[in-house]
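Asker: Kindly return the folded structure for what I paste below:
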Amino acid sequence: MSSITTEKYDPVKLERLKYFLEASAERGKPKYFEIFVDNLKAVDKNNDPGCFDDYTMYLNEDSKIVKVLIYTTTESCPRNDKFIYNIVNETEEKKKSQAQNQELNGIELQTRIDSAITTERERNQNEQLKKELETVKAELVQAEEYIESLEEDLTAERTKKHSWKELNLGNVASIAIEEVVKRNPGWMKKVPLLSALSGLADAESSLKDRTETAENGQASFKKKTAEQPSGETNEAQVEFFRQLEETFSEQQLQKVMEINTAMLQHDSLVDTIHELIYDNPENK
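Answerer: As a prediction, this is how the structure comes out:
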């Protein structure tokens with residue numbers, strides 16, 4: 001069976017083939033061989049090892065391949081072992097190696113540049129994200145503080161609106177009843193308790209008294225009349241306030257105060273409420 005051996009050209013390796021042919025001839029079994037340089041047959045087929053070195057005459061700087069075919073002891077036998085040696089041009093090989101190195105160096109340099117650019121871009125993006133995160137955190141803190149402030153204001157407003165027990169009920173009721181009496185003096189005939197407050201009809205004096213009362217935090221009227229002693233007025237007020245507190249729950253009392261306030265702001269509601277109370281057949 002034929003074999004093929006491919007190696008880099010080396011004169012020493014060809015000398016070994018020559019020695020093999022010489023040894024075979026000395027044993028009386030010379031082998032036929034032929035040698036090609038590139039596509040040219042440099043040594044014709046023969047069995048004389050002395051002709052082996054003739055191939056060197058065809059070698060030059062452009063040669064690429066030296067091929068040696070060794071046959072059996074029979075000249076006509078087609079079977080052979082092939083030994084192929086590739087000739088490497090040292091100058092070209094050096095240039096090729098340098099070109100490859102330059103190419104590799106260029107690729108490596110570009111790779112390093114690309115890597116540095118990518119790293120810098122990522123660093124800038126991270127810095128930008130950090131700044132945006134800090135901004136969002138600051139805005140979140142401000143929003144939380146604002147929400148907390150709103151909650152405190154809402155709680156205070158609810159407390160001020162609904163916790164009537166914490167207010168001076170006398171001040172609130174006295175101002176409301178005074179305005180009702182002033183605007184509707186005829187009510188004193190229908191509500192006997194209001195007649196005790198008839199001395200409060202003077203609007204200018206009453207407004208001054210209300211201001212003093214609110215500033216001093218007291219639940220009494222300052223106005224006095226010759227017909228009605230101050231003690232009687234205070235007692236009537238206290239009794240009226242006591243009746244309000246005993247009659248109404250806290251929620252109902254709140255509604256009463258809201259109704260009084262609404263009538264003070266919109267006196268047309270007085271007639272409407274009066275009609276609802278006294279003109280309704282169910283109330284008669």
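
Asker: got any ranges where the stretch 101-250 of the chain has weak pLDDT?
Answerer: Within the stretch 101-250 of the chain, the stretches with pLDDT under 70 are 103-104, 106, 157-158, 160-234.

Asker: Pop the domain breakdown of this protein in here.
Answerer: Taking automatic domain parsing as the reference, the chain has its domains at 4-88, 90-119, 165-283.

Asker: how much space is there between Asn86 and Glu108?
Answerer: 29 Å (C-beta to C-beta, to the nearest Å). Using the backbone N, CA and C atoms, a C-beta is placed for each residue, glycine as well.

Asker: how near is Asp48 to Leu21?
Answerer: Taken as C-beta to C-beta, the span from Asp48 to Leu21 is 9 Å.

Asker: ok, now Tyr71?
Answerer: 11 Å.

Asker: Tell me which residues touch Tyr58, please.
Answerer: Applying C-beta atoms under 8 Å, 6 or more residues apart in numbering, we find Tyr58 in contact with Val37, Leu40, Ala42.

Asker: Surely Phe83 is in contact with Ser2?
Answerer: No - between Phe83 and Ser2 there is no contact under C-beta atoms under 8 Å: 11.4 Å.

Asker: re the thing from before, of the contacts of Tyr58, buried ones?
Answerer: Val37, Ala42 (16 or more other C-beta atoms under 10 Å).

Asker: Give me the subset of the contacts of Tyr58 lying in strands.
Answerer: Val37, Leu40, Ala42 (DSSP state E).

Asker: Distance check, Arg242 against Phe248.
Answerer: Counting by C-beta to C-beta - Arg242 and Phe248 are separated by 12 Å.

Asker: For Tyr71 and Leu21, list the residues in contact with both.
Answerer: With C-beta under 8 Å, 6+ apart as the test, Tyr71 and Leu21 both reach Lys31, Phe33.

Asker: quick one on the thing from earlier: looking at Arg242 and Phe248, which one has more neighbours?
Answerer: For Arg242 versus Phe248, the count of surrounding residues by other C-beta atoms under 10 Å is larger for Phe248: 14 against 11.

Asker: give the contact list for the more buried one.
Answerer: Val256.

Asker: now swap in Ile70 and tell me
Answerer: Leu17, Phe20, Leu21, Lys31, Tyr32, Phe33, Asn80, Asp81, Phe83.

Asker: neighbour-wise, which of those leads?
Answerer: Phe33 (26 neighbours).

Asker: Find the residue closest to that one in space, skipping its chain neighbours.
Answerer: Ile70 (4.8 Å; C-beta to C-beta, 6 or more residues apart in numbering).

Asker: can you check Asp44 too?
Answerer: Distances taken as C-beta to C-beta, 6+ apart put Glu34 closest to Asp44, at 6.1 Å, once the chain neighbours are dropped.

Asker: which other helices and strands contact the helix or strand containing that neighbour?
Answerer: According to DSSP states H and E, Glu34 maps onto strand 33-37. Applying 3 or more C-beta pairs under 8 Å, 6 or more residues apart in numbering; DSSP states H and E, one finds that strand 33-37 contacts strand 40-46, strand 65-71.

Asker: Give me the angle between that strand and strand 40-46.
Answerer: Orientation check (axes from the mean of the first three to the mean of the last three C-alpha atoms, to 10 degrees): strand 33-37 against strand 40-46 gives 170 degrees.

Asker: who touches strand 33-37?
Answerer: 21, 41-47, 52, 54-55, 58-59, 63, 65-71.

Asker: then that strand to PDB, C-alphas only?
Answerer: Taking C-alpha atoms only, strand 33-37 is exported to PDB below (Å, rounded to 0.1, in the frame of the first residue of the first chain):
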ATOM      1  CA  PHE A  33      13.000   6.200  -7.700                       C
ATOM      2  CA  GLU A  34      12.300   9.500  -9.400                       C
ATOM      3  CA  ILE A  35      12.400  13.100  -8.200                       C
ATOM      4  CA  PHE A  36      10.300  16.200  -9.200                       C
ATOM      5  CA  VAL A  37      11.100  19.900  -8.500                       C
END
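
Asker: what is the mean pLDDT for it?
Answerer: Summarised as a single mean, pLDDT over strand 33-37 is 96.
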